[in-house]
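K.L.:
Prediction below, plus the sequence it came from.
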Amino acid sequence: MESAIEISDLRKSYGDVQALDGVDLTVPAGSFFGLLGPNGAGKTTFINVLVGLVRKSGGDARVFGYDVEDDYREVRDRIGLAPQEFNVDRFFPIREVLEHKAGYHGISRARASERTEEVLKRVGIYEKRDTRFDWLSGGMKRRFMLARALITEPDLLILDEPTAGVDVQLRHELWETIVDLNQRGTTILLTTHYIEEAERLCDEVAILDSGRVLDVASPEELMDRGTDDVVVQLREEPTAVPDFAALDERVEAVELDGARLVVTARQGGLVAPEVVRDLDEAGHEIVDLEIKRTSLEEVFVEMTRAGEGRATPEVSSQ
Ligand SMILES: Nc1ncnc2c1ncn2[C@@H]1O[C@H](COP(=O)(O)OP(=O)(O)OP(=O)(O)O)[C@@H](O)[C@H]1O
C-alpha cells in the first residue's frame, strides 16, 4: 500500500531540547492515524516538520513520496492542516479568507468560490460566510479551522487537537465529518488529548513520548495489553472459588467481596467464558456478569508513565 507519510530517524533539536529523537513512522494512505503523547512529547514539532514550518535537524520525511524540504510545494499542496491555534486573518469575512487561501494554492477564482461554498456547507457554517472570524463562537471557529484545512481538497488532513474546548454535541458532529472524509479516501493524522477520541476513530495510533515512538498499534491491540475486570455476581457468598490465576496465566488478580467476584486479567473478554465455566463446574450460580474493559487512556497513561525516567532533555549532536 502507498504511504501517506514515511519517516525515518527524524530528529529535531531546539538548542538543548531534543524535541524529536529519531522517529520512525509509516502512515498508510487512506488510514485514520492517531498521534498520542503527553504535553511536550513532540507532536506539534512533528507536524510542523511535515508542513514545512520547522526545519528538521536530521533524518528523512516524505509525504506521498515527496521530500518535505526538497519538494516543499508538492507536499504543501497535498496537506490540509487544522492547527491547534487560531492563526486566522481576523478582519476579513471568512468566505474571503478561504478564497484567498485557495488562490494561494493556485486554484482558479471560479473554482475557489465554488469550493468555499462547499466546505462551509460541509462544516455547517455557510450562513456565517460574511462574518469575520473574530465574531464566530468558539465552536464555529473550530469548524472554520476544518473548512480552511479542506479548501485545497487535501489527500492528507492533519488535525491538531481538532475538538479542543468544544461541547460534546459539536465534538460528535466534527467526528462524523472527519470519518466521512476518511471514508472517501482522505488520510487523517490526528493528535488529541481526548484519548477516547483516538480509541473511537483511529485505525492505528503511535504513542510518542520525549521525542520517540514508544509503540504503533491499533487501539484494540493496545487495550489488549492493559487489564480488564471480569465482575461476577454470585447467588450465594462462596467459601472458596477456583484458583483462576493458576488456571490461566492472563489472570493477574482475584478479589472476592461477599458474593461479588472480580477477576482482573488481560484480554478479559476471552477469560470471562472460562471464569463462568469454572464457577459453574464448581457449583456456583451466577446472577450477573460484566466485563469492564480497560480504556486506551489507562494503557496510554501506563505506557507514558513508564517512559518518565528518560524524559530529561539531551544535548543534540546535530
Ligand atoms: N520553538 C521552540 N523553541 C524551543 N523549544 C521548543 C520549541 N517548540 C517546541 N519546543 C520544545 O520541544 C518539545 C516538544 O514540543 P511540542 O510542542 O512539539 O510538543 P507537543 O507534543 O506538541 O506538546 P503539546 O501536547 O503540549 O502540544 C518541548 O520540550 C517544547 O518545549
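P.N.:
Done, it's in. Residues are numbered from 1 along each chain as shown.
K.L.:
Pull up the residues of this protein that are close to the ligand.
P.N.:
On the criterion CB under 6 Å from any ligand atom, the ligand has as its neighbours in the chain the residues Y14, V17, A19, G37, N39, G40, A41, G42, K43, T44, T45. The way it works is simple: take the backbone N, C-alpha and C, and place the C-beta from them, glycine included.
K.L.:
What is the most widely separated pair among these?
P.N.:
Maximum pairwise distance in those, criterion CB to CB, is 16.6 Å, between Y14 and G37.
K.L.:
Looking at the two, which is more packed in?
P.N.:
When Y14 and G37 are compared for neighbours, G37 comes out ahead with 24 against 12, by other CB atoms under 10 Å.
K.L.:
my guess is the more buried one meets D215, correct?
P.N.:
No - using CB atoms under 8 Å, G37 is not in contact with D215; the gap is 11.1 Å.
K.L.:
Point out the other helices and strands that the helix or strand bottoming out on mean pLDDT in the chain packs with.
P.N.:
The weakest-scoring helix or strand in the chain, judged by mean pLDDT, DSSP states H and E, is helix 296-306 (a mean of 84). If you count contacts as 3 or more CB pairs under 8 Å, 6 or more residues apart in numbering; DSSP states H and E, helix 296-306 packs onto helix 195-201, strand 204-209, strand 212-217, helix 219-225.
K.L.:
OK, contacts around the most centrally placed residue in the chain?
P.N.:
Centroid-nearest residue in the chain, with CA atoms, centre = their mean: G34, separated by 2.9 Å. Contacts for G34 were tallied using CB atoms under 8 Å, 6 or more residues apart in numbering; they are L190, T191, T192, A198, L201, C202, E204, V205, A206, P219.
K.L.:
and which of the residues you listed is nearest to the ligand?
P.N.:
T191 (7.1 Å; CB to the nearest ligand atom).
K.L.:
And the helices in the stretch 151-300 of the chain, which stretches?
P.N.:
Along the stretch 151-300 of the chain, counting by DSSP state H, counting those that start in this stretch, helices occupy 168-183, 195-201, 219-225, 244-247, 268-281, 296-306.
K.L.:
Which one of those helices lies nearest to R143?
P.N.:
helix 168-183 (7.3 Å).
K.L.:
Please state the offset of the closest one from the chain centre?
P.N.:
Here helix 168-183 is found 13 Å from its chain centre; the criterion is CA atoms, centre = their mean, to the nearest Å.
K.L.:
and if you look at stretch 40-49?
P.N.:
13 Å.
K.L.:
Stretch 110-130 now?
P.N.:
27 Å.
K.L.:
Buried residues, that stretch. List them.
P.N.:
Within stretch 110-130, the residues that count as buried by 16 or more other CB atoms under 10 Å are A112, R115, T116, V119, L120, R122, V123, G124, I125, K128.
K.L.:
same thing with stretch 269-280?
P.N.:
V271, A272, E274, V275, D278, L279.
K.L.:
Contacts for it, please.
P.N.:
228, 230, 232, 234, 241-242, 244, 247-248, 250-251, 261, 263, 265, 286, 289, 291, 293.
K.L.:
So for it, mean pLDDT?
P.N.:
For stretch 269-280, the mean per-residue pLDDT is 94.
K.L.:
Map the structural domains onto the sequence of this structure.
P.N.:
Domain segmentation of the chain under automatic domain parsing yields 3-222, 227-293.
K.L.:
so what's R260 up against?
P.N.:
V231, V232, Q233, L234 are the contacts of R260 under CB under 8 Å, 6+ apart.
K.L.:
change it to 6 Å
P.N.:
Q233 (CB atoms under 6 Å, 6 or more residues apart in numbering).
K.L.:
nearest residue to V123 other than its sequence neighbours?
P.N.:
Leaving aside its chain neighbours, V123 sits nearest to R143 (4.1 Å; criterion: CB to CB, 6 or more residues apart in numbering).
K.L.:
how about the strands of the protein, start to end?
P.N.:
Listed in chain order, the strands of the chain (DSSP state E) span 3-14, 17-28, 32-36, 58-63, 66-67, 79-82, 156-160, 187-191, 204-209, 212-217, 227-234, 251-257, 260-266, 286-292.
K.L.:
Give me the distance between the shortest one and the centre of its chain.
P.N.:
For strand 66-67, the separation from the chain centroid amounts to 24 Å (computed by CA atoms, centre = their mean).
K.L.:
Let me know whether T227 touches T264 as I believe.
P.N.:
Yes - using CB atoms under 6 Å, T227 and T264 qualify as a contacting pair, with a distance of 5.1 Å.
K.L.:
hey, what's in contact with both of those two?
P.N.:
With CB under 6 Å, 6+ apart as the test, T227 and T264 both reach E252.
K.L.:
pLDDT weak spots in this structure?
P.N.:
For the chain, applying pLDDT under 70 flags the ranges 1, 306-318.
K.L.:
The nearest residue to A282 once chain neighbours are set aside - how many residues pack around it?
P.N.:
Nearest residue to A282 in three dimensions, chain neighbours excluded: P242, at 5.5 Å (CB to CB, 6+ apart). P242: 17 surrounding residues under other CB under 10 Å.
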